[in-house]
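J.: any chance you can model this:
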Amino acid sequence: MAKQLYDYWFVQFDFPNEEGKPYKSSGGAMVWNEKLKREIPEGWNVANVFDELSVQYGFPFSTELFTEEPTSIPVVRIRDILENSVSAYSEEEVDEKYKLQKQDLLVGMDGNFHMNYWNDNVSYLNQRSVRLRAKSKSTVSIMQAKYDIAPYIKAKELRAKGSTVGHLSDKDLKELFVLVCPNIDFRNKFDSILAEIIENRCEMIELTKQRDELLPLLMNGQASVNYHLSASTYISFDISVLFLNFTNGNSLYETISLDYQRFALPLHSKENTHGTIQEDKRHIQQRQRQGD
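T.: Next comes the predicted model:
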């Protein structure tokens with residue numbers, strides 16, 4: 001949805017005009033921009049990323065001081081960007097300017113130039129990566145900025161393959177530009193989409209963690225599903241399927257997250273169980289038939 005909206009508004013320039021009609025297709029005025037070598041809507045500008053975004057390079061953490069044991073300094077390396085994960089921690093003193101925030105755009109600067117939005121407010125960025133953050137007074141959203149600069153970063157990466165390890169330099173970044181639309185509503189729309197994306201990612205991480213903790217208990221019979229629910233509440237899915245087939249598919253995630261949060265699936269020990277998992281399932285199915 002976000003990419004499609006970006007293409008309509010910032011590539012085709014068919015954003016809604018004052019009459020709600022597609023701007024360019026309805027004859028909206030266009031002017032030539034020398035930096036981009038193409039026409040842009042009248043009243044729009046082109047600016048360097050350093051002018052419209054907050055740009056911060058990562059901190060040179062000492063790899064010798066890295067540990068896998070969690071500390072108050074989770075370190076985000078290039079390898080972590082795509083997965084939104086943390087694989088190393090440090091106890092070094094580090095300035096707060098290197099601390100990441102939700103919705104920051106991270107770009108790896110060596111090898112594959114990975115790009116992704118970050119999910120938490122506690123991690124710190126390692127060297128050879130750069131953090132881009134939307135400025136509060138700018139009309140440029142970080143999501144729009146990503147789509148603006150991604151083709152140029154990808155082209156730089158492809159040119160480096162097959163010869164040497166690719167590197168993004170400060171000079172390369174200072175040659176990147178973003179479109180500046182005077183309408184703050186455009187930024188607000190993209191910001192709201194990104195906020196939903198980050199929220200869904202965080203929920204997925206939490207649900208996956210809970211699934212991984214509960215699945216072994218259910219599989220070896222140490223715990224079962226507590227079916228003592230109110231008479232007006234019914235479960236509409238097979239519990240065993242939920243835990244065995246939990247994936248990242250959007251439609252499945254939406255169903256599971258709703259039901260999981262509704263019922264919370266409280267557990268009890270094997271000694272206190274009122275029956276096996278199969279008995280629990282039969283009881284649930286019996287309750288469903290009674291409600292039909």
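J.: between the two ends of stretch 62-69, how far is it?
T.: 16 Å (C-alpha to C-alpha, to the nearest Å).
J.: next one: stretch 17-24
T.: Using C-alpha to C-alpha, the two ends of stretch 17-24 sit 9 Å apart.
J.: show me the contact partners of it.
T.: By C-beta atoms under 8 Å, 6 or more residues apart in numbering, the residues outside stretch 17-24 that reach it are 8, 12-16, 26, 28, 30, 41. Heads up, the C-betas are built off the backbone N, CA and C, glycines and all.
J.: show the buried residues in those residues.
T.: With burial judged by 16 or more other C-beta atoms under 10 Å, the buried subset of these is 8, 13-15, 28, 41.
J.: now, among those, which is nearest to Gln222?
T.: Tyr8 (52.8 Å; C-beta to C-beta).
J.: helix/strand/coil for the closest one?
T.: helix (DSSP: H, G, I helix; E, B strand; the rest coil).
J.: repeat for Asp172
T.: helix.
J.: gap between it and Tyr6?
T.: Using C-beta to C-beta, to the nearest Å, Asp172 is found at 22 Å from Tyr6.
J.: these two - which one has more neighbours?
T.: Each of Asp172 and Tyr6 has its neighbours counted (other C-beta atoms under 10 Å); Tyr6 has more, 20 against 14.
J.: residues touching the more buried one, list them.
T.: Contacts of Tyr6 by C-beta under 8 Å, 6+ apart are 143-144, 147, 190.
J.: at 6 Å instead, please
T.: Tyr147 (C-beta atoms under 6 Å, 6 or more residues apart in numbering).
J.: one more: Ala145?
T.: With contact set as C-beta under 6 Å, 6+ apart, Ala145 has these partners: 53, 178.
J.: show me the strands in the stretch 1-150 of the chain, by range?
T.: 30-33, 38-41, 45-48, 53-57, 73-76, 88-90, 105-108, 115-117, 124-125, 129-134 (DSSP state E, counting those that start in this stretch).
J.: other SSEs contacting the second one?
T.: Here strand 38-41 is seen to pack against strand 30-33 when contacts are counted using 3 or more C-beta pairs under 6 Å, 6 or more residues apart in numbering; DSSP states H and E.
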